[in-house]
Structures are given as structure tokens and as C-alpha cells.
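# Quick one: sequence and predicted model below, then my questions.
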Amino acid sequence: LLEECLPNVLCQKFYMGKRGGLASSTLPQQTSLNALLVDLCQQGKHVVRLKAGDASIFGRVADELTALRAARCRCVVLPGVCSVSSAAAAIQLLITARDVSDGVTILSGHRGLSAEQLACVYPGTTLALLMATKNIRAIARELLAHSRLSSSCMVVAVQWAGRAEMQLAYATLSELSTAAHHRIESMSPAVIFIGAAVRLHHLAQSPSATASLPTMTIPSAPSPE
């Protein structure tokens with residue numbers, strides 16, 4: 001999208017990227033960004049705050065909307081595609097599937113999981129974790145100790161979903177909880193899925209399952225006489 005912007009003489013660009021785990025990249029930077037949005041709005045400029053994924057899911061859009069509304073700046077929020085949905089689609093993972101998973105729970109894992117969050121996790125749903133690669137071993141241990149998920153419950157991490165460099169890594173909760181270091185811990189940014197739906201997906205990717213899939217032929221249109 002940025003490549004489609006007009007040259008800087010007509011369109012100013014401000015880099016507002018953040019990096020998880022850096023104190024200088026969270027609240028102080030967000031406060032400065034809020035002030036910049038208000039300042040540009042009050043100058044009468046048309047401002048586009050471009051975010052990746054769905055701005056309403058862990059996107060700090062509430063901070064920005066609060067600042068803009070307080071300054072009486074008119075604004076709208078355009079919907080985006082959540083990284084959970086795009087990552088699942090990129091690897092053909094069915095987040096919900098009949099008799100396997102009847103729901104999905106999306107949680108942030110950058111601080112681990114609380115007792116209240118762990119209570120939301122049960123075998124009949126898919127757990128989607130964002131910002132969780134750094135803490136995935138501790139999270140796996142918490143899930144085994146305080147949820148009804150089994151040690152053989154499967155996990156998949158999807159890094160750079162939809163891009164040419166997309167990477168996948170599979171594990172079980174048991175493997176994650178006992179490993180000295182697992183590849184998933186180094187796969188930031190990534191979306192992590194946990195649950196029976198992951199096992200269903202993993203089985204579907206096996207060579208035997210792929211070989212048994214029927215081949216569909218789409219007939220060409222008849223030539224005009």
C-alpha cells in the first residue's frame with residue numbers, strides 16, 4: 001500500500017513501527033503517535049493510520065481513537081483481516097471443524113497466560129496466540145498444569161503468513177514444555193495455534209493423505225462453431 005502513495009511532495013510518510021519487548025517501543029512511542037495524529041488532523045490534513053491485520057485486535061486502536069475523539073477529530077476505522085484468519089487460511093488450517101473444534105479463543109501471550117485466560121481453554125476449541133513465541137515454553141507448562149489439554153495436544157506456529165518466506169513449525173505441548181529451546185521460540189512474528197484442529201491439519205498434510213486426494217479436472221469451454 002505504501003508503494004501506491006503519491007511522492008513525498010504530496011504525501012508525507014511517518015514510520016510508526018514497533019518492536020515487542022522494547023520499553024521505548026510501547027507506551028512512550030504510542031503517546032507520541034497519538035499526539036502526531038491529533039496535530040496532523042488539526043492542520044486540516046487527511047491522515048491514514050496504516051496498521052497490519054485487524055486494528056481492533058491488540059492494535060492499540062483504542063488509544064488513538066480516544067485521543068482523536070478528545071480533540072474532536074473526525075475519524076473512521078476500516079476493517080482489516082486478522083492475522084489469525086490469514087495465517088489459518090495460508091496453511092489451510094480449519095480453526096473450527098465439525099466434531100473437532102466448535103470455537104476459537106484469541107489471546108495475547110506476551111505476558112504468559114493468567115488463571116482467567118487458562119479457564120477459557122478446553123479441548124473442544126482452538127487456541128490462537130499472538131505475540132507468544134518468547135513465552136511459549138512457559139505457556140505450554142501452564143496449559144498442561146491448569147487446563148484440560150493433554151500433553152499430546154498439537155501446536156503449530158506460522159511465521160510470515162502468506163509471504164514467500166512463510167515458515168511452519170509443529171510440536172506437542174509436552175515437547176514445548178520440556179525442550180531446552182524450541183524452534184518456535186525464535187519464530188517472531190508468528191501466530192500459534194493449539195488444539196485438536198491442529199492435529200487434523202497435520203494429518204491432512206501427510207504424504208499418504210495428500211496422495212489419496214482426488215484430482216479435480218475443470219473442463220475447458222467448448223470452442224465456438
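Yep, it's here. Numbering: from 1, shown residues only.
# helix or strand for Ser86, which one?
helix 83-90 (DSSP states H and E).
# Of all the residues in that helix, which ones are buried?
Neighbour counts over helix 83-90 (16 or more other Cβ atoms under 10 Å) mark 83-88, 90 as buried. Any C-beta I mention is one placed from the backbone N, CA and C, and that applies to glycine too.
# got a list of contacts for it?
52-54, 57, 93-95, 104, 106, 128, 130, 158, 161-162, 166, 191, 193 (Cβ atoms under 8 Å, 6 or more residues apart in numbering).
# any idea of the pLDDT on the residue sitting nearest the centre point of the chain?
With distances taken as Cα atoms, centre = their mean, the residue of the chain nearest its centroid is Ser83 (3.5 Å). Looking at Ser83, its pLDDT stands at 93.
# Please apply the same query to the one 4 residues further on.
Looking at Ala87, its pLDDT stands at 96.
# sorry, back to before: return the members of the contacts of helix 83-90 classed as buried.
Listed as buried from the contacts of helix 83-90 are 53-54, 93-95, 104, 106, 128, 130, 158, 161, 191, 193; burial here means 16+ other Cβ under 10 Å.
# Same list, the residues you listed, but as a markdown table with pLDDT please.
Below are the buried ones among the contacts of helix 83-90 laid out as a markdown table (pLDDT from 0 to 100):
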| residue | pLDDT |
| --- | --- |
| Gly53 | 80 |
| Asp54 | 84 |
| Leu93 | 96 |
| Leu94 | 95 |
| Ile95 | 95 |
| Val104 | 95 |
| Ile106 | 95 |
| Ala128 | 97 |
| Leu130 | 95 |
| Val158 | 97 |
| Ala161 | 92 |
| Val191 | 97 |
| Phe193 | 98 |
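# and the next helix or strand after the helix holding Ser86, C-alpha only, in CSV?
Counting by DSSP H and E, the next helix or strand C-terminal to helix 83-90 is strand 104-108. Provided in CSV are the C-alpha atoms of strand 104-108 (Å, rounded to 0.1, in the frame of the first residue of the first chain):
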residue,chain,number,x,y,z
VAL,A,104,-11.7,-20.2,18.8
THR,A,105,-10.1,-18.2,21.6
ILE,A,106,-7.6,-15.5,20.7
LEU,A,107,-5.2,-14.4,23.4
SER,A,108,-2.0,-12.4,23.7
